[in-house]
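*Asks:* Below is the structure, and that's it, no one-letter string:
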């Protein structure tokens, strides 16, 4: 059987995302100007990655950067809090804004086109986001709970269109407030309406569960977000962090439905970008974590396969982004077939966490 060419697949996938984003920009002059510039930047980035690929060095086009462990909300089922990656304690030994700026620079030089800023709540770290603003060859989707989107922040986002707020929402008001807290739905929809009134693009991040899957893929719900000005929806499969929450994880039936509906929504051509995470793993030769399509850097600098798999054997404080991608853990995960296993929920590495822990413990003993 011919080996799956993940590099070519990712190049083609990014081309489609950028094309859809250009279409979604419509007649918005600022957005169209930036997306046209970014389209050229992604072509240059793809050329860098292709050159390194020919030399036997695979560079993923995506990086997830958790820039803080702090958050002002306590969402039910939060994997960051379950993994102790997000706490109410004062952050310690987190990367400085200058250290993150160095990471962004190295990533851009390698041809990484998208850096997803996460947390905790990333907008707590305005100092880091201001550094990101200066790297206009990279698009920074900021996965935010939306509660910090006041006037001063919107001024920064308006001036730097490579900063794209992606606001978390769980469906209707009842579903959102049940998971995120009373009154959160109205806060985030108010923020969306404010961004739209200023002609600013934003996206929505929706955690898909067995309870909301039919609602959030419906035309009625999608059209409601579109009317508020939403330009992109990122669907994230729920990962069960406790045995009690396992029933919320999409199964084979829900995944088949999601894949079908995703294709249908993309075919409507309503001026929105639709992305699913992890997406169709059968179509990508397995999960794209651990450097295949993306990897994760936590708030302390540890390079991890995925936010749902918080294990690290190398820290970017001590090395470079390029060297971090050569992590022995990443290599073992890719070569031992852990990205190909059937699993429950949105992350095969979470399901196989015991094996990942065995790899880490073996490294420590050597």
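*Replies:* Received, thanks. Being a predicted model, the structure only gives us computed values, none of them experimental. Numbering: from 1, shown residues only.

*Asks:* Residue 171 falls within a strand, correct?
*Replies:* No - read with DSSP: H, G, I helix; E, B strand; the rest coil, residue 171 is coil and lies in no strand.

*Asks:* Now do stretch 35-48, average pLDDT.
*Replies:* Regarding stretch 35-48, the rounded mean pLDDT is 97.

*Asks:* And for stretch 221-229?
*Replies:* For stretch 221-229, the mean pLDDT works out to 96.

*Asks:* try stretch 16-31
*Replies:* Stretch 16-31 carries an average pLDDT of 92.

*Asks:* check which helix or strand covers the residue nearest the centre of the chain.
*Replies:* With distances taken as Cα atoms, centre = their mean, the residue of the chain nearest its centroid is residue 116 (4.9 Å). Taking DSSP states H and E as the definition, residue 116 sits inside strand 114-118.

*Asks:* Quick check: what element follows that strand along the chain?
*Replies:* Downstream of strand 114-118, the next assigned helix or strand under DSSP H and E is helix 126-133.

*Asks:* okay, and for this structure, where does confidence drop off?
*Replies:* Applying pLDDT under 70 to the chain flags the ranges 1-3, 279-283, 341-346.

*Asks:* if we can go back for a sec, what distance separates the strand holding residue 116 from the centre of its chain?
*Replies:* Offset of strand 114-118 from its chain centre (Cα atoms, centre = their mean, to the nearest Å): 6 Å.

*Asks:* what's next to it, contact-wise?
*Replies:* Outside strand 114-118, the residues within contact range by Cβ atoms under 8 Å, 6 or more residues apart in numbering are 14, 61-67, 104, 107, 128-129, 132, 138-143, 307. Placement of C-beta: from N, CA and C, glycine included.

*Asks:* go on, stretch 39-58?
*Replies:* Under the criterion Cβ under 8 Å, 6+ apart, residues 6-7, 11, 14-15, 18, 22, 59, 61, 108-113, 136-138, 291-292, 325 lie in contact with stretch 39-58.

*Asks:* let's see 10 Å
*Replies:* By Cβ atoms under 10 Å, 6 or more residues apart in numbering, the residues outside stretch 39-58 that reach it are 5-8, 10-12, 14-15, 17-19, 21-22, 38, 59-61, 107-114, 135-139, 162, 291-293, 322, 325-326, 334.

*Asks:* can you pull the contacts of residue 268?
*Replies:* Residue 268 makes contact with 219, 222, 223, 226, 274 under the criterion Cβ under 10 Å, 6+ apart.

*Asks:* quick one: which of those is nearest residue 28?
*Replies:* Nearest to residue 28, judged by Cβ to Cβ, of those is residue 226 at 14.1 Å.

*Asks:* how many neighbours does that closest one have?
*Replies:* 18 (other Cβ atoms under 10 Å).

*Asks:* The one 4 residues further on now?
*Replies:* Around residue 230 sit 24 other residues, with neighbours defined as other Cβ under 10 Å.

*Asks:* pretty sure it is touching residue 169, no?
*Replies:* Yes - using Cβ atoms under 10 Å, residue 230 is in contact with residue 169, at 9.3 Å.

*Asks:* can you tell me which helix or strand residue 319 belongs to?
*Replies:* Counting by DSSP H and E, no helix or strand carries residue 319.

*Asks:* where's the residue nearest to the centre of the chain relative to residue 140, distance?
*Replies:* According to Cβ to Cβ, to the nearest Å, residue 116 and residue 140 sit 8 Å apart.

*Asks:* hey, what's in contact with both of the two?
*Replies:* Taking Cβ under 10 Å, 6+ apart as the contact rule, residue 116 and residue 140 both touch 65, 122, 164, 166.

*Asks:* State the helix or strand in which the closest residue to the third one other than its chain neighbours lies.
*Replies:* By that I understand residue 164. Of all residues not flanking residue 164 in the chain, residue 141 sits nearest, at 4.9 Å (Cβ to Cβ, 6 or more residues apart in numbering). Assigned by DSSP H and E, residue 141 falls within strand 140-144.

*Asks:* Please compute how far that strand lies from its chain's middle.
*Replies:* The answer for strand 140-144 is 8 Å, by Cα atoms, centre = their mean.

*Asks:* Which helix or strand lies directly C-terminal to it?
*Replies:* Downstream of strand 140-144, the next assigned helix or strand under DSSP H and E is helix 151-159.

*Asks:* So for that following helix, what gets flagged as buried?
*Replies:* Across helix 151-159, burial judged by 16 or more other Cβ atoms under 10 Å covers 153, 154, 157.

*Asks:* any residues touching that helix, and which ones?
*Replies:* So helix 151-159 is contacted by 30, 123, 126, 129-130, 133, 142, 144, 149, 163-165, 191, 194-195, 197-202 (Cβ under 10 Å, 6+ apart).
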